[in-house]
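Chemist: one predicted model, sequence on top.
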Amino acid sequence: MSKLVRTAQAGTMESTDILVVLAPAEAGAGIQVELVSPTMRQHGSHIKQLIAKTLQAAGIADAVVHATEKGAMDCTIEARIKTAIKRASNE
Amino acid sequence: MAKEKLRRTVMYAAGNNPGLLQNADIYGADSVIFDVEDSVSVMEKDSARDLVYHAIKNLQYSCEIGVRINHISTPWGYDDLECLLAAKPDYIRLPKGETGDEIRDIDNIITKAEKEYGYEPGSIQIMVSVETPKGLRNAYEIASASPRMMALAIGGEDFSASLKTEKTKGNAITAGRELFVARSMIVFAAREAGIQAIDSVFSDIRDEETLRNEVQLVKELGFDGKSCVNPRQIDIIHEVFTPSEKEIHYAHRVLGVFEEAQTKKSGVIALDGKMIDMPMVIRAQRVLALATAAGVYRKEEA
Amino acid sequence: MKNAAGREIPVSIQGYKEVKPYAGPFATQPDGRMAGPKLKAVFPGTEKVLKSIEEAIDASGLRDGMTISFHHGLRNGDYVMNMVISAIARRGIKNLTLAPSSFLDTNDELIPYFEQGVLIAAETSGLRNKLGRFLTLNQLSKPTVIRSHGGRVRAIECGELKIDVTFIAAPTCDTYGNINGVDGPAACGSMGYAMVDARMADTVVAITDNLVDHPVFPVSIPQYQVDYIVKVDSIGNPAGISSGALRVTTNPRDLHIAKMAAKVIERAGYFKPEFAMQLGAGAASVATGKYLRETMLREKIRARLAIGGIPGPFCDLLDEGLIGTLFDVQSFDLRAIESIRSNPKHREYECSFYANPWNKGAMVNQLDYVVLGATEVDTNFNVNVMTDSSGIMMGALGGHPDASAGAKCTIIVAPLLRGRLPMVTDAVQTISTPGETVDVIVTDRGIAVNPNRADLLENLKNSGLPIMSIEALKEKAYALGGKPEKIEYSDDIMGVVEYRDGTVLDVIRRPIL
């Protein structure tokens, strides 16, 4: 299980990618996702859920995520979140 | 020979570029390599690894997918293997191979991963690129170091650099003669070990003429295919490696008279007044196998 | 009520003529006589050249509530539409309907005039940028009427669209009103759209920055159709009129799509000596010409005719003898402008000749193949090129429905996914070209053939192309990009998409943002 100790980012602003900035949050704060996406209305809630789910699967209950998505597929989003988790924790 | 997988083109896709990864298989390359080595900066080794893992794990590719790992002597090589074997690529592509021991080391790691994840034993293969004189000297040892070995490749730019020269374009006749000996030795080693030989990339994507010449050259030297970095090169490479109608027709006739002679048990075989010997039959079989695999020949046709 | 494309259409629409639902591509026959401009006589000695746009506005008799028009041949370089409308506003005239042949990116400047009531309605073939967004989200007294190029000529000729005054951006004009588009600092090539308005508007005002002695040659719009002439400093920015020579794309995905489209053309059944074709201006459509050229050379087959908006690579085919004659309603780049000026086999023609469904045979009727782009296609092969995935008007019908109706084989080229957005969907946001006129969808991940074209399916069977059902394509797109959530719409009707015969193909409702 990961524990976030610093702010870290992963990904790029290129098309079909997502730039994720992941920061620790106080215990009990929950996972807050701020998303910018060109398809907010078509895919916004799905992407937010996917981000939260990926964090929870890594054992993270509290975090602040700023994500700028540019048409990234689910597998890309998941990969970027996982990289950000590793970079933000002491693995 | 007929069952050998067709690898006329082996196309690289940069491992930290999601757009390239998700579209890698649509251009018709016979084989695609997701690269976490040279195309990925030191700061992004971790993210490229995660990206490639998830792409292989989640997307259904229509062609063979290999991964080029960082060499196991670098800080990333073993981590690459640990992370990426979990996604089950079709093969591992090792850069700068120099000894058989490296291959046996990687073979052991793959064997463990196959057990751990319940993959079919031996299902993950290895392709090694030779980029140095030492690697070239040990080429046969590398090629025969593991039953997983399916191809030897040559890294032309790196090899030329290690010779303290550069990879030249040359012309139709001289095309990159600094690599002439190395290319031939790669083919010798691969053939002795019974595996494939894959040529280096040609990096000037606008120069289609030199590319065509170079492919023609390496085909004549005996290579099975060529690496490439841009989908625009695939058609040209395939064109050169695909037997012409004339070649197919002739091969078809050679095999025709050969089979006829076999059933009649006649000794000397001739076609158009020319004697047909065994090497010509083997060559004809190879032409038709290649043509079949490339989809331009079916036995009932021609 | 449901129309023949399966769309729910209101029985009546506030501010729009009597609603006739779309009934099929060739179901509606015309009745009556052609409309025409007011009869006028200009006697000897009359001076047509006026001092300013304001003077021309006064002379034209433009009044509140009238309809004005412009042509879009100068594309994103056009200065005339914005210039004239700001002069009209200064004159205090209001409640005008604006009916250009199309809007382009530069027309965002018109938004304040809609807000101030100088303009109260728009009729066009396309909308872009902020103006498109504005007209999708802000209710005017009438919905925006969207017509294809052919449909617009039809509407003008049958009197449904009556143009009181047209202001024609004229790259070259002589002192008695003869106009061409091939000379002058803002040369745009074909005047194909303006020729219709010059012929049908009550009053015709030429705005030029290249006023020359009478008579100019060649003549695209003749003196006897032109009332007034105004000289201005500049009618357009050449950089926006054409972006130099349009190059064939280097994007591997577009090239891949183009290569397959060329193979579809080769194998579908109409690739025979003296065939006729149209290729759209999108990257993949233009690139299709590159691969088709190789096929034509290999098979020694030439096309007798190519039409549509003409990009430079087509002119190369003309010069090589691979195309017999080009008929050009709009010249897309410098190469095409140069070609129409100098090559007699590169013909200028007007939009009725090109695409009008209600004349005695438009050129589109002669097409074997047309290759066009799309924003979305649905599983009934309906195409949307008008609204984006959020329902905002940001595209143009152009000649899409006209060429699709005319061609024996209509091929749509587009990537299966743009970012996460699927190109093939359950239902397009807006139908702009009905599926019964669309035959083959070529994407980077597979090709679908309209099941009502068993002949094409049979011909393409052994082509080696990745043919699959449209449903399979859609599933592929959804599997990769995820199924998009439905956009919610209000009941407010912001746009009416007319089929080329004037029936209502679809309506554009205001999306709830």
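Modeler: Looks like it came in fine.
Chemist: from here on, contacts and neighbour counts on C-alpha atoms
Modeler: Fine.
Chemist: which other residues reach the helix or strand hosting B:Arg104?
Modeler: The secondary structure element spanning B:Arg104 is helix B:100-117 (assigned by DSSP states H and E). Judged by C-alpha atoms under 8 Å, 6 or more residues apart in numbering or on different chains, the contacts made with helix B:100-117 from elsewhere in the structure are B:72, B:81, B:85-86, B:97, B:119-122, B:124, B:138, B:141-146, B:148.
Chemist: and whichever helix or strand comes after it, which strands flank it?
Modeler: Proceeding N to C from helix B:100-117, the next assigned helix or strand is strand B:125-130, under DSSP H and E. Paired with strand B:125-130 in the same sheet, following DSSP bridges, are strand B:91-94 (parallel), strand B:149-154 (parallel).
Chemist: compute the inter-axis angle for strand B:125-130 and helix B:100-117.
Modeler: When axes from the mean of the first three to the mean of the last three C-alpha atoms, to 10 degrees is applied, the directions of strand B:125-130 and helix B:100-117 differ by 150 degrees.
Chemist: how about the secondary structure of B:Met185?
Modeler: State at B:Met185, reduced to three classes by DSSP: H, G, I helix; E, B strand; the rest coil: helix.
Chemist: neighbours of residue 57, how many?
Modeler: Looking at chain A here, since you left the chain open. By the other C-alpha atoms under 10 Å in any protein chain shown criterion, the neighbourhood of A:Ala57 contains 12 residues.
Chemist: the chain in question should be chain C.
Modeler: The criterion is other C-alpha under 10 Å. On that basis, C:Ile57 has 20 neighbouring residues.
Chemist: does it touch C:Ser86 like I think?
Modeler: No: with contact defined as C-alpha atoms under 8 Å, C:Ile57 and C:Ser86 do not form a contacting pair (11.4 Å).
Chemist: go through the strands paired with strand B:125-130 and pick out the most buried.
Modeler: strand B:149-154 (a mean of 26; mean count of other C-alpha atoms under 10 Å in any protein chain shown).
Chemist: hmm, who's touching that one?
Modeler: B:125-131, B:143, B:183, B:186, B:190, B:195-200.
Chemist: which stretches of the stretch 101-250 of chain B have low pLDDT?
Modeler: Judged against pLDDT under 70, the low-scoring parts of the stretch 101-250 of chain B cover residues B:170-175.
Chemist: can you map out the strands along it?
Modeler: With DSSP state E, counting those that start in this stretch as the criterion, the stretch 101-250 of chain B has strands at B:125-130, B:149-154, B:196-199, B:225-228.
Chemist: now the end-to-end length of stretch C:483-494.
Modeler: From the first residue to the last, stretch C:483-494 extends over 26 Å; the measure is C-alpha to C-alpha, to the nearest Å.
Chemist: same check, this time on stretch A:54-68
Modeler: Using C-alpha to C-alpha, the end-to-end distance of stretch A:54-68 comes out at 16 Å.
Chemist: list of residues touching that stretch?
Modeler: When contacts are taken as C-alpha under 8 Å, 6+ apart, the neighbours of stretch A:54-68 outside the stretch itself are A:1-4, A:13, A:18-37, A:78, A:81-82, A:85.
Chemist: what sits closest to the residue in chain A positioned nearest to chain C if chain neighbours are left out?
Modeler: Taking C-alpha to the nearest C-alpha, chain C has its nearest neighbour within chain A at A:Gly71, 3.8 Å off. With sequence-adjacent residues excluded and distances taken as C-alpha to C-alpha, 6 or more residues apart in numbering or on different chains, A:Gly71 is closest to C:Gly419, at 3.8 Å.
Chemist: rewinding a little: what about the residue of chain A closest to chain C, neighbour count?
Modeler: Neighbour count of A:Gly71, defined by other C-alpha under 10 Å: 24.
Chemist: over to it. Which of the three states is it?
Modeler: State at A:Gly71, reduced to three classes by three-state DSSP: coil.
Chemist: in ChimeraX, select just the buried ones from the contacts of helix B:100-117.
Modeler: Buried residues within those, by 16 or more other C-alpha atoms under 10 Å in any protein chain shown, are selected in ChimeraX with:
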select /B:72,81,85,86,97,124,138,141,142,143,144,145,146,148
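Chemist: wait, C:Arg154 touches C:Tyr499, no?
Modeler: No: if you go by C-alpha under 8 Å, C:Arg154 and C:Tyr499 don't touch, sitting 10.7 Å apart.
Chemist: all helices for the stretch 1-150 of chain B, in order.
Modeler: Listed in chain order, the helices of the stretch 1-150 of chain B (DSSP state H, counting those that start in this stretch) span residues B:18-23, B:45-58, B:77-85, B:100-117, B:133-137, B:139-143.
Chemist: what angle sits between the third one and helix B:45-58?
Modeler: Angle between the axes of helix B:77-85 and helix B:45-58 is 20 degrees (criterion: the same axes, to 10 degrees).
Chemist: and the contacts of helix B:77-85?
Modeler: For helix B:77-85, the external contacting residues (C-alpha under 8 Å, 6+ apart) are B:49-50, B:52-53, B:67, B:69-72, B:109-110, B:113.
Chemist: report the buried members of those residues.
Modeler: Among the contacts of helix B:77-85, those that count as buried by neighbour count (16+ other C-alpha under 10 Å) are B:49-50, B:52-53, B:67, B:69-72, B:110, B:113.
Chemist: nearest to chain A among the residues you listed?
Modeler: Distance to chain A across these (C-alpha to the nearest C-alpha) is lowest for B:Asp50, with 5.2 Å.
Chemist: excluding its backbone neighbours, what's nearest that closest one?
Modeler: A:Ala79 (5.2 Å).
Chemist: next, count neighbours for the one you found.
Modeler: As a measure of burial, A:Ala79 has 24 neighbours, counting by other C-alpha under 10 Å.
Chemist: ok, it - contacts?
Modeler: When the contact criterion is C-alpha under 8 Å, 6+ apart, the partners of A:Ala79 are B:47, B:50-51, B:53-54.
Chemist: returning to what we had before: who wins for proximity to B:Tyr91 among the strands of the stretch 101-250 of chain B?
Modeler: strand B:125-130 (4.4 Å; C-alpha to C-alpha).
Chemist: residues contacting stretch C:77-96, please?
Modeler: The set of residues that contact stretch C:77-96 without belonging to it, under C-alpha under 8 Å, 6+ apart, is C:53-54, C:57, C:62-68, C:70, C:72, C:106-107, C:109-110, C:113, C:117-121, C:167-169, C:207, C:234-242.
Chemist: and what of stretch C:34-46?
Modeler: Counting by C-alpha under 8 Å, 6+ apart, the neighbours of stretch C:34-46 from elsewhere in the structure are C:156-159, C:199-203.
Chemist: repeat that with 7 Å
Modeler: Identification of contacts with stretch C:34-46 by C-alpha atoms under 7 Å, 6 or more residues apart in numbering or on different chains yields C:157-159, C:200-202.
Chemist: hang on, the earlier thing: thought A:Thr16 was touching the residue of chain A closest to chain C, still the case?
Modeler: Yes: between A:Gly71 and A:Thr16 there is a contact at 4.4 Å, judged by C-alpha atoms under 7 Å.
Chemist: mutual contacts of those two, please.
Modeler: C:Gly419.
Chemist: quick check: closest non-adjacent residue to C:Lys474.
Modeler: Spatially, and ignoring its direct neighbours in sequence, C:Lys474 is nearest to C:Val424 (5.0 Å; C-alpha to C-alpha, 6+ apart).
Chemist: can you pull the contacts of residue 14?
Modeler: Since you didn't name a chain, this refers to chain A. Counted by C-alpha under 7 Å, 6+ apart, A:Glu14 has contacts A:Lys70.
Chemist: should've been chain C
Modeler: The neighbours of C:Gln14, taking C-alpha under 7 Å, 6+ apart as the test, are C:Lys142.
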